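Asker: Any chance you can model this:
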Amino acid sequence: MIKDMTMRIHTAFIPAALIVALLQAAPVCAAAAGSSSTDPVRVGALEQSKAEAATLLARGEAAKAYELYMRLLRTAPDDDDVNLGLARSAAKAKRWNQAVLAYETLLEKHPGEAGLYGELANVYMLLGDREAAERSLAVMRSLDGKSTTAETDEALDILESRYSGFQVHGKIRAGVQYDSNANLGPESNNVQLGMWSLTLDNAKAKESFGGYLGAELDLGWRPYRDSPWWLVADAHGFWRGHAESSLGNRNSQESQWGRGAVGIRHLSASTLAEARFKAEIFDYEFYQHVAACGPEATFLWAATPSLHLIFRGGFEWRDYSRDRPRNGLSGSTGAYARVFFGADNHELLLGGRYLGAGANKRDYRYDGWEGVARVLFKLPYGFELSPSLTFGQEYYQGPATILETRDRRDERVRAGLGLTYRINEAWSLEAGYQYTHNHSTSALYKYDQHFINTGIAWSF
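Answerer: Model (predicted):
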């Protein structure tokens with residue numbers, strides 16, 4: 001019971017898709033005396049207005065739903081559906097004192113509804129009154145007979161952290177890997193470049209076992225509890241090493257990647273808008289690196305509880321420490337749709353983006369696009385399965401080498417499958433497989449790659 005209750009508390013007032021789950025999960029009291037009139041016109045109008053208010057709340061338009069429920073309350077003050085809708089819309093619209101009054105009105109009539117005490121506790125936590133929340137959960141425990149004090153205390157701790165004005169989340173990952181083509185090379189040292197047949201040293205694909213280590217940190221701070229504005233920041237780092245020693249001949253036996261960003265975020269009932277300024281660096285053995293910095297932006301609109309539309313874009317200045325002709329501006333812009341489906345809220349992501357790079361040297365400039373499809377299946381016993389498929393093309397403004405006359409064209413297909421097992425809230429096991437096929441007009445960039453990894457992750 002506490003796990004279900006905790007999930008309701010966690011998601012009761014989060015925007016968009018999870019509102020419907022709460023509306024279905026929490027107990028709805030039987031309709032009462034507010035519709036006692038036998039006038040069919042009045043009864044029909046009341047039911048139609050109640051349906052309209054419930055639809056507004058499900059769409060995340062809490063303020064409009066609250067106003068409609070307030071009007072309905074004057075018409076049908078004893079209707080339980082109206083009072084429950086008023087309580088939930090008030091809480092969602094950040095009118096928490098009105099929400100408390102509405103919940104208390106319901107509980108006077110239905111003191112045995114344990115779920116209502118759980119929702120009331122959530123509102124008290126939003127008000128910052130943990131003692132009142134503890135009293136509500138104590139009554140809930142006495143009614144449901146399943147929850148323990150320790151479990152409800154843990155639920156309150158999670159809520160207190162969630163509603164805190166300063167948020168810290170992160171993840172640390174470590175594992176082992178196998179890469180069939182660690183240097184992204186062609187299948188042979190013998191290549192045909194234009195009219196020339198050449199034998200190159202150390203060009204062909206090299207397979208290698210190895211390991212990886214990653215860390216993520218996301219920070220958020222808002223000036224006061226009701227503020228829709230957040231200051232946000234993130235820091236990420238990743239290291240990958242290969243056992244194949246011959247990769248060291250090209251200074252690519254190990255690599256490091258780091259990122260830091262700061263920005264602002266605006267949250268409403270159905271939208272998220274965010275802008276950050278980032279700085280990144282990708283380095284091979286501290287010998288050669290690519291540094292990048294620039295702005296990025298994200299906008300998410302929860303069109304319905306089960307459909308999110310996502311728009312992302314940004315550009316950056318890239319600096320290549322040992323290949324200056326590649327320096328220049330790069331950017332991308334994309335649009336995606338995320339659909340939630342099924343009783344377990346599985347996810348489907350579909351979308352695409354435009355890619356472009358303007359290098360100092362014309363031959364390295366390109367335009368391109370990439371489409372993606374990814375599904376997340378939430379399976380029993382804590383498993384999650386995520387197949388994915390991407391396809392993209394890049395059109396360069398010159399040949400790949402001076403020996404070739406055709407402008408470089410690349411087509412890339414990438415298919416992946418990820419599996420995660422959640423041991424508990426903090427720890428999980430992860431495994432993945434990814435196949436990449438890159439076709440190019442230049443033999444140097446034709447390659448196939450199979451990549452397998454498995455590891456463990458700790459989230460906080």
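Asker: Show me what the lengthiest helix in the chain is packed up against.
Answerer: When the chain is parsed with DSSP state H, its longest helix is helix 40-58. Applying 3 or more C-beta pairs under 8 Å, 6 or more residues apart in numbering; DSSP states H and E, one finds that helix 40-58 contacts helix 18-25, helix 62-75, helix 80-92. To be clear about C-beta, it is placed using only N, CA and C from the backbone, and glycine gets the same treatment.
Asker: tell me the average confidence for the first one?
Answerer: For helix 18-25, the mean pLDDT works out to 34.
Asker: Same check on the second one?
Answerer: For helix 62-75, the mean per-residue pLDDT is 89.
Asker: Buried residues, the longest helix of the chain. List them.
Answerer: 46, 49-50, 53-54, 56-58 (16 or more other C-beta atoms under 10 Å).
Asker: Burial-wise, tell me which of the helices and strands packed on helix 40-58 comes out on top.
Answerer: helix 80-92 (a mean of 25; mean count of other C-beta atoms under 10 Å).
Asker: Next secondary structure element downstream of that one?
Answerer: helix 96-109 (DSSP states H and E).
Asker: Show me the contact partners of that next one.
Answerer: Helix 96-109 has contacts (C-beta atoms under 8 Å, 6 or more residues apart in numbering) with 29, 32, 66, 80, 83-84, 86-88, 90-91, 113, 116-117, 119-120, 123-124, 126-127.
Asker: which of the residues in that helix are buried?
Answerer: Result for helix 96-109 [16+ other C-beta under 10 Å]: buried residues 96, 98-100, 102-103, 105-107.
Asker: and the closest residue to residue 439 other than its chain neighbours, which of the three is it?
Answerer: Closest residue in space to residue 439, ignoring its immediate chain neighbours: residue 411 at 4.7 Å, by C-beta to C-beta, 6 or more residues apart in numbering. Three-state assignment for residue 411 (DSSP: H, G, I helix; E, B strand; the rest coil): strand.
Asker: Residue 411 against residue 441, yeah?
Answerer: No: using C-beta atoms under 8 Å, residue 411 is not in contact with residue 441; the gap is 9.6 Å.
Asker: sorry, back to before: a markdown table for the buried residues of helix 40-58, including pLDDT and distance to residue 304?
Answerer: Below are those laid out as a markdown table (pLDDT from 0 to 100; distance: C-beta to C-beta, whole Å):
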| residue | pLDDT | distance to residue 304 |
| --- | --- | --- |
| 46 | 80 | 25 |
| 49 | 87 | 21 |
| 50 | 87 | 20 |
| 53 | 89 | 17 |
| 54 | 89 | 14 |
| 56 | 87 | 12 |
| 57 | 88 | 13 |
| 58 | 84 | 8 |
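Asker: Now do the contacts for the residue nearest to residue 365 when sequence neighbours are not counted.
Answerer: In space, and not counting its chain neighbours, residue 365 is closest to residue 397: 4.5 Å by C-beta to C-beta, 6+ apart. Neighbouring residues of residue 397 by C-beta under 8 Å, 6+ apart: 362-363, 365-366, 407.
Asker: So which of those residues belong to strands?
Answerer: With DSSP state E as the criterion, strands contain residue 366 from among the contacts of residue 397.
Asker: care to break this structure down by domain?
Answerer: 2-162, 167-459 (automatic domain parsing).
Asker: from those, which stretch is densest packed?
Answerer: domain 2-162 (a mean of 18).
Asker: relative to helix 40-58, how tilted is the strand ranked longest in the chain?
Answerer: The single longest strand within the chain, with elements called by DSSP E, is strand 288-304. Here the directions of strand 288-304 and helix 40-58 differ by 170 degrees (axes from the mean of the first three to the mean of the last three C-alpha atoms, to 10 degrees).
Asker: What helices and strands are in contact with strand 288-304?
Answerer: Counting contacts by 3+ C-beta pairs under 8 Å, 6+ apart, strand 288-304 packs against strand 271-284, strand 307-320.
Asker: any chance of the ones you listed in a markdown table, with distance to residue 193 and mean pLDDT too?
Answerer: Below are those laid out as a markdown table (distance: least, C-beta to C-beta, whole Å; pLDDT from 0 to 100):
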| stretch | distance to residue 193 | mean pLDDT |
| --- | --- | --- |
| strand 271-284 | 24 | 96 |
| strand 307-320 | 22 | 97 |
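Asker: Now distance to residue 422 too, for the ones you listed, in CSV please.
Answerer: Formatted as CSV, the helices and strands packed on strand 288-304 follow (distance: least, C-beta to C-beta, whole Å):
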stretch, distance to residue 422
strand 271-284, 25
strand 307-320, 23
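Asker: between those, which gets nearest to residue 205?
Answerer: strand 271-284 (17.3 Å; C-beta to C-beta).
Asker: what about residue 356, which helix or strand?
Answerer: Going by DSSP H and E, residue 356 is in strand 346-359.
Asker: got the contact list for residue 328?
Answerer: Residue 328 neighbours (C-beta under 8 Å, 6+ apart): 317-318, 357-360, 364-365.
Asker: quick one: residue 229 and residue 265 touch, right?
Answerer: Yes: here residue 229 reaches residue 265: they are 7.3 Å apart, a contact under C-beta under 8 Å.
Asker: give me the low-pLDDT residue ranges for the protein?
Answerer: 1-39, 41, 160, 162-163 (pLDDT under 70).
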